[in-house]
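K.L.:
One predicted model, sequence on top.
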Amino acid sequence: MNVYDSDRMADVLAPLGYTSVDGPEDADMVILNTCHIREKAAEKVYSELGRLRQLKQARSETEPDRRGPMLAVAGCVAQAEGAEMLARAPFVDIVFGPQTYHRLPEMIAKAERTAERAAKPGGRNGSRGAGILDTEFPEEAKFDHLPNAQPKRHGASCTAFLTIQEGCDKFCTFCVVPYTRGVEFSRPGRAVLAECHQLVDGGVREVTLLGQNVNAYHGAAPGSGNWDLAELIAQLAVIEGLERIRYTTSHPRDMTDRLFDIHGTCAKLMPYLHLPVQSGSDRILAAMNRGYTAADYHAAVARLRQVRPDIALSGDFIVGFPGESEADFEATMELVDEVNYAQAYSFKYSPRPGTPAALLENQVPDDVGAARLQRLQELLNQQQQAFNQRMVGRRLPLLLDRAGRRPGQLVGRSPYMQAVHVDGGLNLLGRIVEVEITAAHANSLAGTLSPPQAAAPRRPMEPRMGRVS
Ligand code: 5AD
Ligand code: SF4
């Protein structure tokens, strides 16, 4: 979601004449878009700010006529630590949260005025002065004030993120999201459709519907009532030219009957689902306030596999949650063993300020958490490698979405989210082609373009193939 937000910030700034550059050295403004989900991510912000401060100083020495880059911090660390951040890093010009970036032009204008005052005789030269802070949860909806998405501006042209929902009301006891992103908000169906049409008109073939908990989606339907996620997917699936739909991230508790069913009926909905479980222990799941048991999760997985037998699953895991015993951790290992994931993200529990779990007394020692994480990751890596290995010899439809590192090499995504390297001309970018998988590596596959498969039987669930010339 931070990638999406950063792109939208670039859209907001384009009318002011800003374009993206590759590094901070050339920039007139640097925006750090930050993540507060775990301590490690939050800490990086301050070390990065230290480097940017040096850059600013160096530029004022080498180019005294040019003002140093304006520095802005966006995102959830900014939201959570706003005033404190300005006090700790007074050289920062603007601090704003995830819900106010549509106001960037006003913030920049204010920061410019402050800087001009500071540069005048008697002003505080070299410093931009008091930083601008905007970490409100505004009345107006951010999305109503953003310009239309511009797919081409961001390099990638045939795949795009599309935010449909933001914030969360689930209040898992370990998680900062409900505090930093705010309460759950679903964008109206009409707005999502319009943005999707715009993306497809700009060449996008695959959209990933984004939100902290997209399967809680309940956007206003055109006319009256609401659309749930299944209805939204059905509405998007009829858009001609849109070939693939994905959604992330989802909560097992919000998997509805209609959503399960659409995985079996909508050919454009890709057979890959990120369904975070966090733990396999019912005791820990209850302490996390997740609202389901391991058996409920298994039932959801079974149902998905019933409607879409080839569905690949990915998950999120937290080890070392306060009070997690060896037996609790073993329950997580058992769950992983049974589910068999294609991909996964696993983390050591990180106490976050302001969350209920951070106040629990029975915190798990760091070394115990680290050892458990290592064991879990070994198992998850084995499963991922085995999953990739099973693809060798198979033909998969690939959406070729970027050039590879080597000249003549392209990279595409399989339906199961695997990156696949093939040799082919740039004219194939943006096409869906059939590829034979020849090798599997830890994080990617290699394949060769198959000749056109006019007579080959096509499985009913596969999306329409682009023709390869
Ligand atoms: N500590 C460790 N991992 C966390 N996550 C969220 N909050 C924490 C935390 N306090 C993980 C969860 C979530 C993913 C986005 O980040 O697994 O699903
Ligand atoms: Fe955080 Fe996800 Fe739980 Fe919401 S559902 S509180 S975003 S972990």
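P.N.:
Looks like it came in fine. Ligands and ions are numbered 1, 2, ... in the order given.

K.L.:
Contact residues of the protein facing ligand 1?
P.N.:
Within reach of ligand 1 by CB under 6 Å from any ligand atom, the chain has these residues: I37, R38, F174, C175, P276, Q278, D316, I318, F347, Y349, S350, R352. Glycine gets a C-beta too; all of them are placed from N, C-alpha and C.

K.L.:
what residues are up against the spatially closest residue to the fourth one that is not a sequence neighbour?
P.N.:
If I follow you right, that is C175. In space, and not counting its chain neighbours, C175 is closest to T355: 6.4 Å by CB to CB, 6 or more residues apart in numbering. T355 makes contact with T173, F174, C175, V176, Y179, according to CB atoms under 8 Å, 6 or more residues apart in numbering.

K.L.:
What about the last one, how many residues nearby?
P.N.:
Put plainly, it is Y179. By the criterion of other CB atoms under 10 Å, Y179 has 18 neighbours.

K.L.:
Alpha carbons only: can I get the helix or strand containing it in CSV?
P.N.:
With elements taken from DSSP states H and E, the one containing Y179 is helix 177-180. What follows is helix 177-180, C-alpha atoms only, in CSV (Å, rounded to 0.1, in the frame of the first residue of the first chain):
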residue,chain,number,x,y,z
VAL,A,177,-2.8,-0.3,11.7
PRO,A,178,-6.1,0.7,13.3
TYR,A,179,-4.3,3.6,15.0
THR,A,180,-2.2,4.8,12.2
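
K.L.:
re earlier: need the contacts of T355 in JSON lines (columns: pLDDT).
P.N.:
Shown next, in JSON lines, are the contacts of T355 (pLDDT from 0 to 100):
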{"residue": "T173", "pLDDT": "98"}
{"residue": "F174", "pLDDT": "98"}
{"residue": "C175", "pLDDT": "97"}
{"residue": "V176", "pLDDT": "95"}
{"residue": "Y179", "pLDDT": "93"}
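
K.L.:
Need the buried ones from those selected in ChimeraX.
P.N.:
Applying 16 or more other CB atoms under 10 Å to these leaves a buried subset, and the ChimeraX line that selects it is:
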select :173,174,175,176,179
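
K.L.:
Could you point out the helix or strand that follows the helix holding Y179?
P.N.:
Per DSSP H and E, the first helix or strand lying C-terminal to helix 177-180 is strand 185-186.

K.L.:
what mean pLDDT does that following strand have?
P.N.:
Confidence for strand 185-186, expressed as mean pLDDT, is 93.

K.L.:
Could you list the buried residues of stretch 132-142?
P.N.:
I132, L133, D134, T135, K142.

K.L.:
Equivalent analysis for stretch 404-418, please.
P.N.:
G404, L410, V411, G412, R413, S414, P415, Y416, M417, Q418.

K.L.:
related to what we said a few turns ago, does the helix holding Y179 reach ligand 2?
P.N.:
Yes. On the criterion CB under 6 Å from any ligand atom, helix 177-180 is in touch with ligand 2 at V177, P178.

K.L.:
Give me the helices and strands touching that helix, please.
P.N.:
Packing partners of helix 177-180 (3 or more CB pairs under 8 Å, 6 or more residues apart in numbering; DSSP states H and E): helix 75-88.

K.L.:
Show me the contact partners of the next helix or strand after the helix it packs on.
P.N.:
Once the chain leaves helix 75-88, the next helix or strand it forms, by DSSP H and E, is strand 94-96. The contact list for strand 94-96 (CB under 8 Å, 6+ apart) reads 70-74, 78, 82, 85-86, 103-104, 107-108, 111, 131-135.

K.L.:
In strands, which of those residues fall?
P.N.:
M70, L71, A72, V73, A74, I132, L133, D134 (DSSP state E).

K.L.:
and stretch 259-279, average pLDDT?
P.N.:
On average, stretch 259-279 scores 98.

K.L.:
Just the C-alphas of that stretch, formatted as CSV.
P.N.:
Extracted in CSV, the C-alpha atoms of stretch 259-279 (Å, rounded to 0.1, in the frame of the first residue of the first chain):
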residue,chain,number,x,y,z
LEU,A,259,-16.1,-14.8,-2.0
PHE,A,260,-15.2,-18.5,-1.7
ASP,A,261,-17.5,-19.1,-4.6
ILE,A,262,-16.1,-16.5,-6.9
HIS,A,263,-12.7,-18.1,-6.7
GLY,A,264,-14.3,-21.1,-8.5
THR,A,265,-16.3,-19.1,-11.1
CYS,A,266,-14.3,-16.0,-12.1
ALA,A,267,-11.6,-16.9,-14.6
LYS,A,268,-9.9,-13.6,-14.2
LEU,A,269,-9.5,-14.0,-10.4
MET,A,270,-6.0,-15.5,-10.1
PRO,A,271,-5.5,-18.7,-8.2
TYR,A,272,-3.3,-17.2,-5.5
LEU,A,273,-4.5,-15.9,-2.1
HIS,A,274,-2.7,-14.2,0.7
LEU,A,275,-4.6,-15.4,3.8
PRO,A,276,-2.6,-14.4,6.9
VAL,A,277,-3.1,-16.8,9.8
GLN,A,278,-0.5,-15.4,12.2
SER,A,279,-0.5,-18.5,14.5
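
K.L.:
Does it reach ligand 2?
P.N.:
No. With CB under 6 Å from any ligand atom as the criterion, ligand 2 is not reached by stretch 259-279; the gap is at least 7.0 Å.

K.L.:
Next, count neighbours for the residue nearest to G264 when sequence neighbours are not counted.
P.N.:
Distances taken as CB to CB, 6+ apart put V307 closest to G264, at 3.1 Å, once the chain neighbours are dropped. Using other CB under 10 Å, V307 has 13 other residues around it.

K.L.:
JSON lines please, covering the contacts of T355 and showing distance to H298.
P.N.:
Listed next are those as JSON lines, based on distance: CB to CB, whole Å:
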{"residue": "T173", "distance to H298": "23"}
{"residue": "F174", "distance to H298": "22"}
{"residue": "C175", "distance to H298": "23"}
{"residue": "V176", "distance to H298": "29"}
{"residue": "Y179", "distance to H298": "31"}
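
K.L.:
Relative to I239, which of the contacts of T355 is nearest.
P.N.:
C175 (33.3 Å; CB to CB).

K.L.:
Tell me the secondary structure at the closest one.
P.N.:
Classification of C175 using DSSP: H, G, I helix; E, B strand; the rest coil returns coil.

K.L.:
Please verify my assumption that it contacts R352.
P.N.:
Yes. Using CB atoms under 8 Å, C175 makes contact with R352 at a distance of 7.3 Å.
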